[in-house]
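Novice: dropping the sequence and predicted coords here.
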Amino acid sequence: MSLDPEIAELLPALNSGFPGVETMTAPQLREVIRQRAQRPLRPEPVGKVNDRTVPGPGGDIGVRIYWPAVSSGTLPIIVFAHGGGFVFCDLDTHDELCRAMTNGVGAIVVSVDYRLAPESPWPSAVQDVYAVTTWAAQDADELGGDPARLLIAGDSAGGNLATVTAQLARDRGRPAIAGQLLAYPVIAADFDTASYRDHATGFYNTAAAMEWYWDQYVPNPADRSDPTASPLRAPLTGLPPAVVISAGYDPLCSEVEAYAKALAGSAVTTIHRHYGGAIHGFMTMADLGICRLARKQAWVDVSALLSRSLE
């Protein structure tokens, strides 16, 4: 499939404007991203936003909680882990997406400011996301949420953290998770897949950047086979239903498609939405038609998963 026309027009600026992360330190990269960040002048209105902290294994974890603009009764809860290669991004970088999600699904969204690598390498980030997910289930009444409709979500590196959290919840027996939303998740440290070879450069996210991210997050290559780092290596039976989103011009495409197939092969209800003309990160590019389309479909799919949890 050919590249989406809007993305094709935007791609030269994306490729030239995004830093060569593999040439930088993590603090340098975060500073560059911070300086280039452009937040919407008029953020999408929501019902309420609250920043607070939640106790975690490494200290207090910052969270930002969103309530939808229109709601009634007890609401579903979505715990969201942002992308950023395990190294950068924060509550602010994904604020626009979380606002769209809370209104689109009609759910409380809890965005997690987890610890970043390399200062806090694997498994610090997933420990934080799991801790917040457990807290959200325990304190659902305080939030006005329904613990029986608790979903975990994330994009890119956050998709890794989300699905690993679902695996930990299954293995530990708590909390009960009704579904997963995984947008082009980082699944395995395999840099020799077809999509890594075909889309190593020229499509915004690069193979070199991905290898650098893995070096920061899991510096010992021997540890990368651990299921809490590479969730494709875990037993998948018994995981909650999943919505998996892949992008055709993404180095991660092969591993994302393999994970969707493996989930379905393990009798996990799986909805796989593939956007062949898209690039990595497209669901945070709100001005693009393909982003709006994918989001609208994702909110429908998530609502369907949450409805199943009531059956």
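Specialist: Now that the structure is in, tell me what you want to look at.

Novice: for L151, what are phi and psi?
Specialist: Torsion angles at L151 (phi, psi; degrees, to the nearest 10) stand at phi -120, psi 150.

Novice: quick one: it and L306 touch, right?
Specialist: Yes. Look at L151 against L306 with C-beta atoms under 8 Å: they come within range, at 6.4 Å. Every residue, glycine included, has its C-beta placed from N, CA and C.

Novice: so which of these two has more stuff around it?
Specialist: Using other C-beta atoms under 10 Å as the criterion, L151 and L306 rank with L151 on top: 27 against 24.

Novice: so who does the more buried one touch?
Specialist: Each residue near L151 by C-beta atoms under 8 Å, 6 or more residues apart in numbering is listed here: 76-79, 107, 177-181, 240, 302, 305-306.

Novice: can you flag the buried ones in the residues you listed?
Specialist: 76-79, 107, 177-181, 240, 302, 305-306 (16 or more other C-beta atoms under 10 Å).

Novice: most widely separated two among these?
Specialist: Across those, no pair lies farther apart than A107 and P240, at 15.2 Å, counting by C-beta to C-beta.

Novice: P118 is in contact with V218, isn't it?
Specialist: No. Using C-beta under 8 Å, P118 makes no contact with V218, being 10.0 Å away.

Novice: the two - which one has more neighbours?
Specialist: Higher neighbour count among P118 and V218: V218, with 22 against 14, using other C-beta under 10 Å.

Novice: any idea how far G85 is from the more buried one?
Specialist: 12 Å (C-beta to C-beta, to the nearest Å).

Novice: do you have the strands of this structure handy? List them.
Specialist: Using DSSP state E, the strands assigned to the chain run over residues 48-54, 61-67, 75-81, 108-113, 145-155, 179-183, 242-249, 270-279.

Novice: quick one: strands adjacent to the longest one?
Specialist: Using DSSP bridges, strand 145-155 pairs in its sheet with strand 75-81 (parallel), strand 179-183 (parallel).

Novice: which among these is found nearest to I279?
Specialist: strand 179-183 (12.4 Å).

Novice: could you pull out the helices for the stretch 101-250 of the chain?
Specialist: Secondary structure of the stretch 101-250 of the chain (DSSP state H, counting those that start in this stretch): helices at 124-138, 140-143, 157-172, 194-198, 207-217.

Novice: which of the ones you listed is buried the deepest?
Specialist: Mean neighbour count (mean count of other C-beta atoms under 10 Å) peaks for helix 157-172 among those, with a mean of 25.

Novice: output the contacting helices and strands for that helix.
Specialist: The contact analysis (3 or more C-beta pairs under 8 Å, 6 or more residues apart in numbering; DSSP states H and E) places helix 157-172 against strand 75-81, helix 124-138, strand 145-155, strand 179-183.

Novice: can you redo the ones you listed as a markdown table with mean pLDDT?
Specialist: Formatted as a markdown table, the helices and strands packed on helix 157-172 follow (pLDDT from 0 to 100):
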| stretch | mean pLDDT |
| --- | --- |
| strand 75-81 | 98 |
| helix 124-138 | 98 |
| strand 145-155 | 97 |
| strand 179-183 | 98 |
